[in-house]
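Visitor: sharing a model that was predicted from the sequence below.
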Amino acid sequence: MDILFKKTGVSDNEALIVGIYDNLTFSKTAKKIDTENKGALTEALRHTSFTGKKDDVCRLFLQNRELLCIGLGAKERADALTAERAGARAVNALADEKGSVAFAADDLPPAAVGFGAKIASYRFTKYKTEREADFALKEFYVLTEKAQAAQNAYEPYFCVAKGIHTARDMVNEPANVMTPAAAAARAVELEKYGLKTEVYDEAMLKAKGFNLMTGVAQGSNNPPKLIVVQWRGNPDTEETHAVLVGKGVCFDSGGLSLKPAQGMEDMKFDLSGAAAVLGTLQALAMRKAKVNVAGVMAMVENIPSKTAQRPGDIVKSLKGLTVEVVNTDAEGRLVLADALTYAQERFKAPVVIDLATLTGAILVALGREFAGLFSNDPALSADIKAAADATGEKLWPMPTDESFDKQIVSYIADIQNTSTEGRMGGSCTAAAFLKRFIDDGVKWAHLDIAGAAWNNKSSLFGPKGGSGYGVRLLDRYIRDYVENKTDG
């Protein structure tokens, strides 16, 4: 679906979308329609449950015009996120419209309306034999007096939306398609935007000492790949300003510590961290961000077989620490540990952020909408939280107390990959494990996105499946707190 901007003016065959605030406080266009029709809009709405509260929707016909009213909530609280939600709500309501519709932005930021609509228009219909029936709407016009300015403001939004859709595509592909090799090929495809991509195969990883990562992968017929993607948008320096590291488990059966059968079909989403990293790099490249950022994606499958890693195995990490593998279903932290070590040694960036669908415990703690934020630096944590608040990608700061460090000490190796205290504080002890692989002086943040990365049912901004969580947040963080410090 295309997002287009034009000055006020609607053809007879287009559905018109208008915003209405709390207590039926009309926007400019809604008020004009009501006046021209001698109060008919007010009268029609009084016969419905629509009051203008946030996310209210009312679809009606007025003087042969199809009209969609979107509730915006309190007028004094309306902001860019309100506009995004309104655009998304309109797309969901009118997805069956053939041709085009028009949204009268009025006081809402029109670019944000378009962004919400674009994200919500995503459908993964590759394997559907009747694709047209799923989404008919082709053009979404945003009406605004300053159409060109809105188009210019929308361009960076569009880049982020494309990154989100790339991340969603990777997550939604079945595991028999999105193998580590296929993920690498997907990254190489994005070089057309100016990204530089390197792919390390199993032999190279073993030679370099990625023993934790290759250990997780050793049960699968699909060998691991380490994907390194760089965006060098600031040619004035050789410095890498930030590194993003993503867990990319293309399918997680749990290994020999086998998961229950129920729900295992969704374990293709365990590569969501890596997908978010790639989507973010794409967004940065498309909008020509004046910053140097690297992405490191560790792609593996965790499969039980006669060659699979065993509970009780001891493995020497790339950093040199020995790890007792108590549970092969706690594989993500093993994969990330080697990837984090490599990212720091290779790029020596002052900031390292990893994303991972790391623990089921984070869902118990925070539910499905929030990610958990762990960090060794209060300022970095505050900046990421601010970016999350600005984009609507929810997260919550979690503790990294030294008490959790003690719970991963192994009796036979340096550390173990699960807590000695059982299930208590599972997300915190997983973060403590990762923290052991962070060098002194490096500002590090870990986002446990196990809840937010996957929609178990349709949501406002997309259908069931991968959410693309992290792309908006990371792009905003880099724009506000990294790019602005390095640009001139």
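Guide: Alright, I've got the coordinates.
Visitor: just say helix, strand or coil for G372.
Guide: Put simply, G372 is strand when judged by DSSP: H, G, I helix; E, B strand; the rest coil.
Visitor: so who does it touch?
Guide: Neighbour list for G372: I362, A365, L366, L395, W396, M398, S427, A431, L447, D448 [criterion: C-beta atoms under 8 Å, 6 or more residues apart in numbering]. Every C-beta, even on glycine, is put in place using the N, C-alpha and C of the backbone.
Visitor: and what of H446?
Guide: H446 sits in contact with I353, D354, L355, A356, L358, L373, F374, S375, A431, L434, K435, where contact means C-beta under 8 Å, 6+ apart.
Visitor: swap in 6 Å and give it another go.
Guide: Taking C-beta atoms under 6 Å, 6 or more residues apart in numbering, we find H446 in contact with D354, F374, A431, L434.
Visitor: got it, and S305?
Guide: S305 makes contacts with G219, as judged by C-beta under 6 Å, 6+ apart.
Visitor: got it, and the one 3 residues further on?
Guide: Each residue near A308 by C-beta under 6 Å, 6+ apart is listed here: G219, G255, L256.
Visitor: buried sites along the helix ranked longest in the chain?
Guide: Across the chain, the longest stretch assigned as helix under DSSP state H is helix 147-172. Buried residues in helix 147-172, counting neighbours by 16 or more other C-beta atoms under 10 Å, are found at 147, 150-151, 153-154, 156-172.
Visitor: PyMOL command to pick out the buried ones of the contacts of G372?
Guide: Selection of buried members from these for PyMOL, criterion 16+ other C-beta under 10 Å:
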select buried, resi 362+365+366+395+398+427+431+447+448
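Visitor: show me which of the contacts of G372 is closest to S11.
Guide: Among the contacts of G372, L395 lies closest to S11 (C-beta to C-beta), at 42.6 Å.
Visitor: for that closest one, phi and psi?
Guide: L395 adopts backbone torsions of phi -150, psi 170, taken as degrees, to the nearest 10.
Visitor: same question for G87.
Guide: Residue torsions, per degrees, to the nearest 10, at G87 are phi -60, psi -40.
Visitor: low-confidence ranges in the stretch 351-488 of the chain?
Guide: Within the stretch 351-488 of the chain, the segments meeting pLDDT under 70 span 486-488.
Visitor: hey, where'd the strands end up in it?
Guide: Using DSSP state E, counting those that start in this stretch, the strands of the stretch 351-488 of the chain run over residues 351-356, 371-375, 395-397, 415-416, 443-448, 454-455, 465-466.
Visitor: not counting its own residues, what contacts the fourth one?
Guide: Among residues not part of strand 415-416, those counted as contacts by C-beta under 6 Å, 6+ apart are V323, E324, V326, I408, S410.
Visitor: which residues touch the fourth one?
Guide: Taking C-beta under 6 Å, 6+ apart, we find I408 in contact with I415, Q416, T429, A432, F433.
Visitor: check those and tell me the two furthest apart.
Guide: Distance extremes for the contacts of I408: the farthest pair is Q416 and A432 at 11.2 Å, using C-beta to C-beta.
Visitor: tell me the pLDDT of D134.
Guide: What the model reports as pLDDT for D134 is 62.
Visitor: ok so, going back, moving C-terminal of the longest helix of the chain, what's the next helix or strand?
Guide: Next along the chain after helix 147-172, taking DSSP states H and E as the criterion, comes helix 180-189.
Visitor: which other helices and strands contact that following helix?
Guide: Packing partners of helix 180-189 (3 or more C-beta pairs under 6 Å, 6 or more residues apart in numbering; DSSP states H and E): strand 196-200, strand 225-232.
Visitor: keeping just the C-alphas, turn stretch 86-106 into PDB.
Guide: Output of stretch 86-106 as PDB, limited to C-alpha atoms (Å, rounded to 0.1, in the frame of the first residue of the first chain):
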ATOM      1  CA  ALA A  86      -5.100   6.800  14.100                       C
ATOM      2  CA  GLY A  87      -3.400   6.000  10.800                       C
ATOM      3  CA  ALA A  88      -3.100   2.300  11.800                       C
ATOM      4  CA  ARG A  89      -6.700   2.200  13.000                       C
ATOM      5  CA  ALA A  90      -7.900   3.600   9.700                       C
ATOM      6  CA  VAL A  91      -6.000   0.900   7.700                       C
ATOM      7  CA  ASN A  92      -7.400  -1.900   9.800                       C
ATOM      8  CA  ALA A  93     -10.900  -0.600   9.400                       C
ATOM      9  CA  LEU A  94     -10.700  -0.100   5.700                       C
ATOM     10  CA  ALA A  95      -8.400  -2.900   4.500                       C
ATOM     11  CA  ASP A  96     -11.200  -4.300   2.400                       C
ATOM     12  CA  GLU A  97     -11.600  -1.000   0.400                       C
ATOM     13  CA  LYS A  98     -10.500  -1.400  -3.200                       C
ATOM     14  CA  GLY A  99      -8.600   1.500  -4.600                       C
ATOM     15  CA  SER A 100      -7.900   4.400  -2.300                       C
ATOM     16  CA  VAL A 101      -9.000   6.200   0.900                       C
ATOM     17  CA  ALA A 102      -8.200   9.600   2.300                       C
ATOM     18  CA  PHE A 103      -7.400  10.700   5.900                       C
ATOM     19  CA  ALA A 104      -7.900  14.400   6.800                       C
ATOM     20  CA  ALA A 105      -4.900  15.100   9.000                       C
ATOM     21  CA  ASP A 106      -6.000  18.500  10.200                       C
END
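Visitor: now tell me what touches that stretch from outside.
Guide: 10, 14-19, 27-29, 55, 57, 68, 70, 113, 116-117, 120-121, 135-137, 139, 141-144, 460-461.
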